[in-house]
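A.B. asks: Here you go, sequence then predicted model.
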Amino acid sequence: MTDTRRTPSLIALDWGTSAQRAWLLDRAGGILDVRRPDQGLLATTAGIDVRDARARERAYEAAFWSACGDWVTAHPDLPVLACGMVGSAQGWADAGYRTVPADLRFGADALVRVRHRSGVAHLVPGLRVPSAHGAPGDVIRGEEAQVIGALDALGEPTAALTLVLPGTHGKWVRVEEGKVLSFSTAMTGELFGLLTEHGILARTAAEPRRDDAAFARGLRAGRSRGLATELFGARPLALDGLLDPASVPDYVSGVLIADEVAHHLPATDRDRVLLCGAEDLCRRYEQALAAHGVTPTVLTEDVAARGLWQIARWTGLHHDAQEQQWQ
């Protein structure tokens, strides 16, 4: 007998600044296939004027088709739902923001439609904290799906908790009773990329190799001299033969993550921390949190697919009633 639940039902994408993940989901939200093409916003818009809306439309449509075109061709009636920077002002189209505190249960009117060569894709709005009284606000795109998926995986907890979502722009998100109350962003991943690809530390480093001891050493680096000074410490350590040039990236990673955790943890309930992201990043943040006596609950980055599945149900892109016809 054929398991009808294994039939494709949704194409879901988390399309961020530096990465894109695409999932083919079945009728129960299970993952049938996943792809991780090197087609984040930066790669998708490379070589075009991002102020040109038509040029962006062509670039995003081509990148979408490159990643998912065979899925669409094989299953032309599948809905397409995407979150992340694909819905930003530099994205396929601007899907706007919802202001926090915000309920995460989106309605159909929240989605923005864009056309691809064989149909329509739907973009999820982000979340924002408005700037006020001279203080900068903040924005999220894509992590809202991770939050929805994580809460669903935990059985929709009502108590307050903090989700730590490491990445190019890491997020610390405070949630209670299904609402995002506040969040803040740390550019730790982007800084790591810039420092290890450009400038003097990049020239100090050699072809990287994993060095857990160098990462731990970076975590232990003092913070009293300030982040900029501690980062430069990697160069004299390498020049003095005390740090293998191939280990510089792991050392720098430790310094950056330690600084982020030290600054955000004081505003966090240490007993209710959820860590969600790529396996290697979670391992690093788990180690940094442990240095402060915090043991987080850890979930994989695929909870974003679970979150997109929930959004598809809430917005009517996928109907539970349709499932009953297949059972």
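C.D. replies: Alright, I've got the coordinates.

A.B. asks: Excluding residues flanking it in the chain, which one is nearest residue 270?
C.D. replies: Residue nearest to residue 270 in three dimensions, not counting chain neighbours: residue 294, with 4.9 Å by CB to CB, 6 or more residues apart in numbering. All C-beta atoms are positioned from the backbone trio N, CA, C, and that covers glycine.

A.B. asks: and what of residue 75?
C.D. replies: Closest to residue 75 by CB to CB, 6+ apart is residue 8, at 4.9 Å.

A.B. asks: now do residue 258
C.D. replies: residue 219 (4.6 Å).

A.B. asks: now for the helix or strand containing the one you found, which elements pack on it?
C.D. replies: Assigned by DSSP states H and E, residue 219 belongs to helix 212-220. Here helix 212-220 touches helix 248-264, helix 279-290, going by 3 or more CB pairs under 8 Å, 6 or more residues apart in numbering; DSSP states H and E.

A.B. asks: Out of these, which gets nearest to residue 305?
C.D. replies: Smallest distance to residue 305 across the helices and strands packed on helix 212-220 (CB to CB): 15.4 Å, for helix 279-290.

A.B. asks: So what touches that closest one?
C.D. replies: Applying CB atoms under 8 Å, 6 or more residues apart in numbering, the contact partners of helix 279-290 are 164, 166-167, 189, 215-216, 219, 253-254, 257-258, 260-261, 265, 273, 275-277, 295-296, 298, 300-301.

A.B. asks: Please repeat the previous calculation with a cut-off of 6 Å.
C.D. replies: 166, 219, 257-258, 261, 275, 296, 298 (CB atoms under 6 Å, 6 or more residues apart in numbering).

A.B. asks: what sits against the residue nearest in space to the middle of the chain?
C.D. replies: Computing the C-alpha centroid of the chain and ranking residues by CA atoms, centre = their mean puts residue 143 first, at 5.2 Å. Contact analysis of residue 143 by CB under 6 Å, 6+ apart lists 165, 171.

A.B. asks: And it, what's its pLDDT?
C.D. replies: On the pLDDT scale, residue 143 is placed at 90.

A.B. asks: okay, and for this protein, where does confidence drop off?
C.D. replies: Confidence mapping of the chain against pLDDT under 70 gives the ranges 1-5, 319-327.

A.B. asks: Let's see that with 50 instead.
C.D. replies: 1, 321, 324-327 (pLDDT under 50).

A.B. asks: Now the element after the helix holding residue 219, going C-ward?
C.D. replies: Following helix 212-220 in sequence order, the next helix or strand is helix 227-232 (DSSP H and E).

A.B. asks: all strands of the stretch 51-200 of the chain, in order?
C.D. replies: Using DSSP state E, counting those that start in this stretch, the strands assigned to the stretch 51-200 of the chain run over residues 80-84, 97-99, 102-103, 112-116, 119-123, 126-129, 138-140, 161-165, 170-176, 179-186.

A.B. asks: what's the most buried one of the helices and strands packed on helix 212-220?
C.D. replies: Greatest average neighbour count among the helices and strands packed on helix 212-220 goes to helix 248-264 (a mean of 23), per mean count of other CB atoms under 10 Å.

A.B. asks: Start and end of stretch 113-122, how far apart?
C.D. replies: Taking CA to CA, to the nearest Å, stretch 113-122 runs 5 Å from one end to the other.

A.B. asks: Show me what it is in contact with.
C.D. replies: Stretch 113-122 is touched from outside by 61, 64, 72, 80-82, 92-93, 111, with contacts defined as CB under 6 Å, 6+ apart.

A.B. asks: Report how many residues lie close to the residue lying closest to residue 317 once chain neighbours are set aside.
C.D. replies: Excluding its sequence neighbours, the residue lying closest to residue 317 (CB to CB, 6+ apart) is residue 79, at 4.1 Å. Neighbours of residue 79 under the rule other CB atoms under 10 Å: 17.

A.B. asks: just checking, residue 79 touches residue 315?
C.D. replies: No: counting by CB atoms under 6 Å, residue 79 does not reach residue 315; the two are 9.3 Å apart.

A.B. asks: how much space between the nearest residue to residue 160 once chain neighbours are set aside and residue 189?
C.D. replies: Distance criterion CB to CB, 6+ apart; nearest residue to residue 160, sequence neighbours excluded, is residue 176 at 4.1 Å. Taking CB to CB, to the nearest Å as the measure, residue 176 falls 27 Å from residue 189.
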